[in-house]
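[1] Got a predicted model here, sequence first, then my questions.
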Amino acid sequence: MDERGPRRGKLIVYLGAAPGVGKTFAMLDEAHRRLGRGTDVVVGLVETHDRPQTAAKLAGLEVVPRRTVTYRGSTLTEMDAEAVIARHPAVVLVDELAHTNVPGSRHAKRWQDVEDIRRAGIDVITTVNIQHLASLNDEVERITGVRQRETVPDAVVRAADQVQLVDMSPEALRRRLAHGNVYRAEAIDASLTSYFRVGNLTALRELALLWLADKVDDALDDYRREHRIDTPWPARERVVVAITGGAEGETVVRRAARIASRSAGSELIAVHVVRSDGLSGPDGTSLRASRELVEELGGSLHSVVGDDVPEAVIDFARGVNASMVVVGVSSHTSLRQLFVGSTATEIARLSGPIDVHLVTHDKAGGPRRMRRSVSPLSRSRQAAGWVAATVLPVLVTLLLSATHTEQSLPLEVMSYLAVTVLVAMVGGLLPGLAAALAGFLLLNWFFTEPVGQWTVSEPRNLVALLVFVVIAAAVSSVVDRASRVAADAARARAEATTMSGLSQSVLTGDDTAQAVVARLRATFGLESVSLLARHDDLDGWELLAADGPAAPETPEAADAQVRVDDRRVLALRGRSLRASEMRVLDGFAVQAGLVLEYRRLRERDARAAALEHAEATSTALLRAVSHDLRTPLATIRASVDGLVGGGRLGEAERAELLSSLDGSTDQLERLIDNLLDLSRLSSGLLTPRVRDISLDEVLPLAVAGHPPGAVVLDLDEEEPLVRTDPGLLERVVANVVANAVRHAPGTAVRVDVHAGARDMEIRVADRGPGVSEAARERMFEPFQRLGDATPGGLGLGLAVARGLADAVGATLVAEDTPGGGLTMVLTVPLAVAGS
């Protein structure tokens, strides 16, 4: 079975920094290697440029003839993509991927012809120079002074299954050029002094190496994401700089840029952490200035949401496989850093294998506006806590004032402590501290001597008040921390549940692309989510699945996007995502890729099954024409020749020939009828004419035509009417009976009728070899003879019988005959009274 059609061919690209590095030569070497391995390889188009070494490499390879094109009076040649597809090799060589076709061709560019060839399931090996990539066109022009007119979209080469760099030092390439191995002798001097200068070749070589490094880096990111590897792999220098949007941002960003510039191919990424409450943070002007500076220095700025800034920064750095984090030294005072620490030191503590570089600046160690403490509790609980912190101490004071004595101070201290604990449990740290402070002041004013003054006469009372404040503050802090831990645990539990669900759906393969985007939207509470795929011609995007109103139809229309693979992205619209949520989001991206791969494999399997079924049908039909139909035709021809021949025949011989002619004609008629019935069933052209009938109109005709005693019909004339198409029902019974007689020679086939409450059973029982339970459903498929090698049958009788039975509302199943054999049970609905 040929499965090449549904499979999309692979693309292998030999990439070079300049003409003459040996791309075509390397491509031809690969072709000979594959040819020696037994692969079907042809040359679609190879440009030798009159280089004898390259031309010699073509020896032994099949070359598909080019097509000729007349343009403005000149006859030109182009690759014949249609001929390549018609030839359908396993691999085709196509030189110069960026080539522009002659006007009037099917496609403007050769890479579009290559896409057609790949869609036909043919692998393509091609070549391209770095200066022909569309994104580098301007840079190449600045380096060489030459603008390339022939370009290929970067996405075409990036999506290649394999990119092989053909590298050569500038000096070696210039020697090759000087020896006449690249251009003709008259063009050598001009080339050496212009395009092929050492500086030009060095810059082009660097562009090629960096571009390929980017593609390799994408492949590494895909591998880490698919295998859930969270720890950074420092395969490439990637510097993450944490910015606050403050005045120190410019100093820190410029320092990070200098660090990144020390390594070729390094990447500068800035990250800004936004508090989830949205109430604190830099003003838009300062953050916009930071973004412009980062982009000016060749980097990119990303915003993530997180209440714990150091953890958010490190989560982001791990997610982008960073090798270093650059952060400014804290501007907190030394005293504050002693008690609460600093963001920079916490980042260094959490960084693990990632290097951390601290940058000092003018604001370091100076005064800094304190951030608003963010509670993990909801706003409604915080508001309730502040109300309780205001009201409860006053109410307790009123109640305790009525019973106050000199010995009741411990009770009053415990009462205010209980109020503080209650407030902290409801509203968190700050309302609890406020309640503790209010309790301290009220105890001092109303219940400690001298009453009505902010002084304490008894040292023990002072100690009691101070202990109260310390305990109240500690309890508030513990309650607040417990709330944070509970929130983290809930978030981790939700993340684990989500990842478990993803893993289960991936293992079972039951998910669809629509289910993935719907689950993603529900999990993160997004406004809408789309799964997009770039068109094969790279012009625009196709919407594969979407959930939510106004789902983005392009990545640019989304608030955020997550790469699935080279051609597909998840486009998200709605709230900003936390840095810690990126791991789950990557899991959704992997799942989306797997779902699409499962769908592709299922579609390929369905096409393969259809091809297999068509092949079996074709084989059976050919067998019918070559043998099963020829047998009765040969008998008819022999009988006719005997009857019309000149010889004298006796009555017995004449009767034998006529009997043979009659039997073969009946056999041929049955075969043709079955083929026609199967064709009508397959095309849906069969229209039953259902009416109320008596079985004695149908069954005697259906069992006729067999030798005497071969079929025994037991039919009661008083049996109720059935509702069916009499002609089609007769065909069903006739096929079933003929099949039974065929497989049980020498024994009588019984046809019995039994009436039930709603339907009538027609049972055709034989005493033949029977059929195993495992093979019973298969015998109702077309061209299934289950080992029957006797001539005259196509294996269509039971397939046609079941199809016709379904068409008239009946059912046909097989059962064992008691004592041996097979019983076919045909169930026909009874006529409805009054219909």
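    It's in.

[2] Can you list the residue ranges for helices in the stretch 351-500 of the chain?
    Along the stretch 351-500 of the chain, counting by DSSP state H, counting those that start in this stretch, helices occupy 379-401, 409-427, 429-442, 459-508.

[3] Any chance of a markdown table for the ones you listed, columns distance to residue 565?
    Bear in mind the C-beta positions are built from the backbone N, C-alpha and C, glycine included. Shown next, in a markdown table, are the helices of the stretch 351-500 of the chain (distance: least, CB to CB, whole Å):
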| stretch | distance to residue 565 |
| --- | --- |
| helix 379-401 | 41 |
| helix 409-427 | 48 |
| helix 429-442 | 46 |
| helix 459-508 | 15 |
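
[4] Can you say which of those helices is nearest to residue 145?
    Evaluated with CB to CB, the helices of the stretch 351-500 of the chain place helix 459-508 nearest to residue 145, the distance being 52.6 Å.

[5] For whichever helix or strand comes after that closest one, give the mean pLDDT please.
    The helix or strand immediately downstream of helix 459-508 is helix 513-524, counting by DSSP states H and E. Average pLDDT, helix 513-524: 80.

[6] Run me through the strand neighbours of whichever helix or strand comes after helix 513-524, direction for each.
    The helix or strand immediately downstream of helix 513-524 is strand 528-534, counting by DSSP H and E. In the sheet, strand 528-534 lines up against strand 541-547 (antiparallel), strand 568-573 (antiparallel) (DSSP bridges).

[7] looking at those strands, which is buried most?
    Stretch with highest mean neighbour count among those: strand 568-573 (a mean of 24; mean count of other CB atoms under 10 Å).

[8] hmm, who's touching that one?
    Contact partners of strand 568-573, identified using CB atoms under 8 Å, 6 or more residues apart in numbering, comprise 517, 520, 524, 526-534, 544, 548, 550-552, 554-555, 557-564, 585, 588-589, 592-593, 596.

[9] Just the buried ones among those, please.
    Using 16 or more other CB atoms under 10 Å as the burial test, the contacts of strand 568-573 include 517, 520, 524, 526, 528-534, 544, 548, 551-552, 555, 558, 560-564, 585, 588-589, 592-593, 596 as buried.

[10] Would you mind identifying the helix or strand in the protein with the lowest mean pLDDT?
    helix 334-340 (a mean of 51; mean pLDDT, DSSP states H and E).

[11] What residues of stretch 113-128 count as buried?
    Neighbour-count burial for stretch 113-128, counted by 16+ other CB under 10 Å, picks out 113-118, 120-128.

[12] and that stretch, average pLDDT?
    Here the average pLDDT along stretch 113-128 is 94.

[13] gap between that stretch and the chain center?
    For stretch 113-128, the separation from the chain centroid amounts to 23 Å (computed by CA atoms, centre = their mean, to the nearest Å).

[14] May I have the distance across that stretch, first residue to last?
    15 Å (CA to CA, to the nearest Å).

[15] Which residue ranges of the stretch 701-835 of the chain form strands?
    Secondary structure of the stretch 701-835 of the chain (DSSP state E, counting those that start in this stretch): strands located at 711-714, 722-724, 749-755, 759-765, 811-816, 822-829.

[16] Save those strands as CSV, and put in distance to residue 262, mean pLDDT and mean neighbour count too.
    Listed next are the strands of the stretch 701-835 of the chain as CSV, based on distance: least, CB to CB, whole Å; pLDDT from 0 to 100; neighbours: other CB atoms under 10 Å:
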stretch, distance to residue 262, mean pLDDT, mean neighbour count
strand 711-714, 96, 90, 16
strand 722-724, 88, 91, 24
strand 749-755, 93, 92, 19
strand 759-765, 87, 93, 21
strand 811-816, 79, 91, 16
strand 822-829, 84, 93, 20
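
[17] TSV for the ones you listed, including distance to residue 140?
    Converted to TSV, the strands of the stretch 701-835 of the chain look like this (distance: least, CB to CB, whole Å):
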stretch	distance to residue 140
strand 711-714	87
strand 722-724	78
strand 749-755	85
strand 759-765	80
strand 811-816	73
strand 822-829	77
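
[18] Indicate which one of those strands is closest to residue 476.
    Using CB to CB, those put strand 811-816 closest to residue 476, at 75.7 Å.

[19] tell me what the closest one is packed against?
    In terms of contacts (3 or more CB pairs under 8 Å, 6 or more residues apart in numbering; DSSP states H and E), strand 811-816 is packed against helix 797-807, strand 822-829.

[20] okay, the ones you listed in a markdown table with distance to residue 692 next?
    Formatted as a markdown table, the helices and strands packed on strand 811-816 follow (distance: least, CB to CB, whole Å):
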| stretch | distance to residue 692 |
| --- | --- |
| helix 797-807 | 17 |
| strand 822-829 | 10 |
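
[21] And these: which comes nearest residue 39?
    Of the helices and strands packed on strand 811-816, nearest to residue 39 by CB to CB is helix 797-807, at 41.0 Å.

[22] quick one on the thing from earlier: quick one: closest of the strands of the stretch 701-835 of the chain to residue 242.
    Each of those has some distance to residue 242 by CB to CB; the shortest is strand 811-816, at 72.1 Å.

[23] how far does that closest one sit from the chain's center?
    With CA atoms, centre = their mean, you get 43 Å for strand 811-816.

[24] Now do it against strand 822-829, angle only.
    Inter-element angle recorded for strand 811-816 and strand 822-829: 150 degrees (by axes from the mean of the first three to the mean of the last three CA atoms, to 10 degrees).

[25] out of the helices and strands packed on strand 811-816, nearest to residue 774?
    strand 822-829 (13.9 Å).

[26] Tell me the helices and strands packed up against that closest one.
    Counting by 3+ CB pairs under 8 Å, 6+ apart, strand 822-829 packs on strand 722-724, helix 726-743, strand 759-765, strand 811-816.

[27] Would you point out which residue is most central in this protein?
    Central residue check for the chain by CA atoms, centre = their mean: the C-alpha nearest the mean position is that of residue 593, 2.2 Å away.

[28] And it, how close does it get to residue 568?
    7 Å (CB to CB, to the nearest Å).

[29] Relative to residue 156, tell me which of the helices and strands packed on strand 822-829 wins on proximity.
    strand 811-816 (55.5 Å).

[30] In the stretch 451-600 of the chain, where is pLDDT below threshold?
    Residue ranges of the stretch 451-600 of the chain with pLDDT under 70: 454-462, 464-465, 484, 487-488, 491-492, 494-496, 498-511, 536-538, 578-580, 582-583.

[31] Show me which of the buried residues of stretch 113-128 is closest to residue 205.
    Once CB to CB is applied, the member of the buried residues of stretch 113-128 that ends up nearest residue 205 is residue 128, at 15.0 Å.

[32] Could you report the neighbour count for the nearest residue to that closest one once chain neighbours are set aside?
    By the measure of CB to CB, 6 or more residues apart in numbering, the closest residue to residue 128 outside its immediate chain neighbours is residue 97, 4.4 Å from it. By the measure other CB atoms under 10 Å, the count of residues near residue 97 is 25.

[33] Quick check: which element contains residue 97?
    Counting by DSSP H and E, residue 97 is part of no helix or strand.

[34] does it really touch residue 113, like I thought?
    No. Residue 97 is beyond contact range of residue 113, at 9.7 Å (criterion: CB atoms under 8 Å).

[35] There's contact between the residue nearest to the centre of the chain and residue 564 in this structure, I believe.
    Yes. Counting by CB under 8 Å, residue 564 is a contact partner of residue 593 at 4.9 Å.
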